[in-house]
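A.B. asks: Sharing a model prediction with you, sequence too.
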Amino acid sequence: MNYPSTAGMPVNEFTTEGYIALAFPVLFPTGKGDYLQARPVPISRDKYFKYLMHYEDGRFAKDPRFRYFAMNTILRHSAISKSNIYIKNMNIKGETLQELQNRITENRSLLYNIMAYYTTLRSTSAYWHRRSNELTHMVDQLGKATIFFTLSAADYHWSDLFRLLISEWDIDDLTDNERRQVMHENPIIVGYFFQERAHILINNVMVPLFKVKDYWFRFEWQHRGSPRVHGIMYCSDEPQVDYNKLSNDDIEILKSYFDKLCYAINPMALNTDVSVHPSKIRFSDVTSTNYAQDLSNLLNAFQRHTKCGSHCLRSKNNVYKCRYNFPHDTSNVSMIDDENGYFTFKPKRNDQYIQTYNNIITQVWRANTDCTLILDLKAVISYIAKYASKAEKTSKSYLDFLNDLINAKSQDDLARSALTKIIVSCVSERDYSAQKVAHILMGWPLYSSSRSFVYVNTNVSDWHKLEVIYFL
Ligand SMILES: [Zn+2]
């Protein structure tokens, strides 16, 4: 068999008809169905790839490379179309890079206009930078939130998920390898299941349970690719006290309120004799007489911080300490303490290793959660700086982007090609897990907030005209 010949001309993804089918011949065995193929009604790239991901035999979603190719194509084309809009609006089509750089030097507000386009590219560091600004404004206006929460995934165990993934086998008979394989082949279903489950828990359980009036939360993927949600909530029935001058009465009022929200009590002794992982059992199958045992089984399975590792150990003067301060002292009473300059609530505790939890959330969600009460505005500000705006480690930072633009050199000397190149580079250099690819590819929300934000550009001249009209 002869080695296939190679064409002399490289393919052009904008014009070469059939280039996707050529790259993935197993997925397109007849060569038909390419994006650039002539069709009566044009279709956007987003819709084209989403359709393929939902294709009935699942071949596109299961392919380990196609989903990355699809996401990379969508992100790059979204970046190109955004830079084209900017080039048109700023009238820099024929401008050289040097001319644009001179304009930026004279008028720094131009940079903010360019950044406004960059921040709309989902999942980039600038995107999260803008979200953290929004959250800072929210906290400025609403004050301290009541609860920090985190919801991790036990997708490996959740029976409802495996009922969606496979129908022909008995779920209980699946080996660990088979579970891993099925999940790996179906990232769209796994991702959809997690985000729907999180939205339903937050809206249908947490909001009414905690009497939530405002919230903000985001999705995040840990290094193994496992998703989680974290955020803050404002509860409408939180006692209003002056945290700068807490009286003894205030402390008692707060303790009795917080005692009902967050616990560190293991209701039963350690029980290692559990034949089925408790996350595999559905909450609706737990009888009311078994609630305490079920809660205890869940806490023992995933809510005890017994192993410190690189994720939590921090070195101070060459002494490694758990940053969550495990193991904690047990206590028969709850306390409000001043710890490292922050007020913190410490619930009653009978287990040194248990992470604070809310029993209803733990039993309904059936995976590791965190429920920490907030007593200090500084803690919220620190959360925003450390976690809310966290982008991927390899993501280009806000400042890198600005430096690239100011120091760019363009081969053909045109501002538009340099700008497009820099913007495209922002979306094409990160590591993505299969589930994160699914989330981004399907256009599912990366964050959610009870408040919406409106941006007013005060740099444009039209704004001043409006002011004049107003005063007339
Ligand atoms: Zn630790």
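C.D. replies: Noted; the coordinates are in hand.
A.B. asks: Against Asp376, how distant is the nearest residue to Met138 once chain neighbours are set aside?
C.D. replies: Of all residues not flanking Met138 in the chain, Arg451 sits nearest, at 5.6 Å (CB to CB, 6 or more residues apart in numbering). C-betas here are computed from N, CA, C, even on glycine. Distance, Arg451 to Asp376, by CB to CB, to the nearest Å: 22 Å.
A.B. asks: Compare those two and say which is more crowded by neighbours.
C.D. replies: More crowded of Arg451 and Asp376, by other CB atoms under 10 Å: Asp376, with 16 against 13.
A.B. asks: Can you show me the helices along the stretch 51-200 of the chain?
C.D. replies: 59-62, 66-89, 97-106, 109-118, 125-142, 159-165, 176-185, 187-200 (DSSP state H, counting those that start in this stretch).
A.B. asks: Next, format the ones you listed as TSV and append mean pLDDT.
C.D. replies: As requested, these are exported to TSV (pLDDT from 0 to 100):
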stretch	mean pLDDT
helix 59-62	90
helix 66-89	85
helix 97-106	81
helix 109-118	73
helix 125-142	87
helix 159-165	89
helix 176-185	86
helix 187-200	93
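A.B. asks: quick one, which of those is nearest to Cys262?
C.D. replies: In terms of CB to CB, the element of those nearest to Cys262 is helix 187-200, at 19.6 Å.
A.B. asks: what packs against that closest one?
C.D. replies: If you count contacts as 3 or more CB pairs under 8 Å, 6 or more residues apart in numbering; DSSP states H and E, helix 187-200 packs onto helix 159-165, strand 227-235, helix 434-441.
A.B. asks: which parts of that helix are buried?
C.D. replies: Neighbour-count burial for helix 187-200 flags Pro187, Ile188, Ile189, Val190, Gly191, Tyr192, Phe193, Phe194, Gln195, Arg197, Ala198 (criterion: 16 or more other CB atoms under 10 Å).
A.B. asks: Can you point out the buried residues in stretch 42-52?
C.D. replies: Asp46, Tyr48, Phe49, Lys50, Leu52.
A.B. asks: Check what contacts that stretch and list those residues.
C.D. replies: Stretch 42-52 is contacted by residues Tyr35, Phe60, Phe66, Ala70, Met71, Thr73, Ile74, His77, Leu441, Met442, Gly443 when judged by CB atoms under 8 Å, 6 or more residues apart in numbering.
A.B. asks: swap the cut-off to 10 Å and go again
C.D. replies: For stretch 42-52, the external contacting residues (CB atoms under 10 Å, 6 or more residues apart in numbering) are 20, 27-28, 33-35, 39, 59-61, 63, 66-67, 69-71, 73-74, 76-78, 81, 188, 441-443.
A.B. asks: quick one on the thing from earlier: now for the helices of the stretch 51-200 of the chain, which one comes closest to the ion?
C.D. replies: helix 187-200 (24.7 Å; CB to the ion).
A.B. asks: can you state the direction angle for that closest one and helix 434-441?
C.D. replies: Between helix 187-200 and helix 434-441, the angle formed by their directions is 70 degrees, by axes from the mean of the first three to the mean of the last three CA atoms, to 10 degrees.
A.B. asks: Output helix 187-200 as PDB - backbone C-alpha positions only.
C.D. replies: Presented in PDB, the C-alpha positions along helix 187-200 are these (Å, rounded to 0.1, in the frame of the first residue of the first chain):
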ATOM      1  CA  PRO A 187     -18.500  14.200  28.600                       C
ATOM      2  CA  ILE A 188     -21.500  16.100  27.200                       C
ATOM      3  CA  ILE A 189     -24.000  14.100  29.200                       C
ATOM      4  CA  VAL A 190     -21.700  14.100  32.300                       C
ATOM      5  CA  GLY A 191     -21.200  17.900  32.100                       C
ATOM      6  CA  TYR A 192     -24.900  18.600  31.400                       C
ATOM      7  CA  PHE A 193     -25.900  16.400  34.400                       C
ATOM      8  CA  PHE A 194     -23.600  18.200  36.800                       C
ATOM      9  CA  GLN A 195     -24.600  21.700  35.800                       C
ATOM     10  CA  GLU A 196     -28.300  20.900  35.800                       C
ATOM     11  CA  ARG A 197     -28.000  19.200  39.200                       C
ATOM     12  CA  ALA A 198     -26.100  22.200  40.600                       C
ATOM     13  CA  HIS A 199     -28.700  24.700  39.200                       C
ATOM     14  CA  ILE A 200     -31.600  22.700  40.600                       C
END
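A.B. asks: C-terminal to that helix, what's the next element?
C.D. replies: helix 207-209 (DSSP states H and E).
A.B. asks: By neighbour count, which bits of that next one are buried? Give me those.
C.D. replies: Buried, per 16+ other CB under 10 Å, within helix 207-209: Val207.
A.B. asks: Could you list every helix and strand that it packs against?
C.D. replies: Packing partners of helix 207-209 (3 or more CB pairs under 10 Å, 6 or more residues apart in numbering; DSSP states H and E): strand 227-235, helix 359-365.
A.B. asks: what's the average pLDDT for it?
C.D. replies: The pLDDT scores in helix 207-209 average 95.
A.B. asks: Now the element after that helix, going C-ward?
C.D. replies: strand 212-221.
A.B. asks: Contact partners for Ser449?
C.D. replies: Taking CB under 10 Å, 6+ apart, one finds Arg131, Glu134, Leu135, Met138, Asp214, Tyr215, Trp216, Phe217, Arg218, Gly231 in contact with Ser449.
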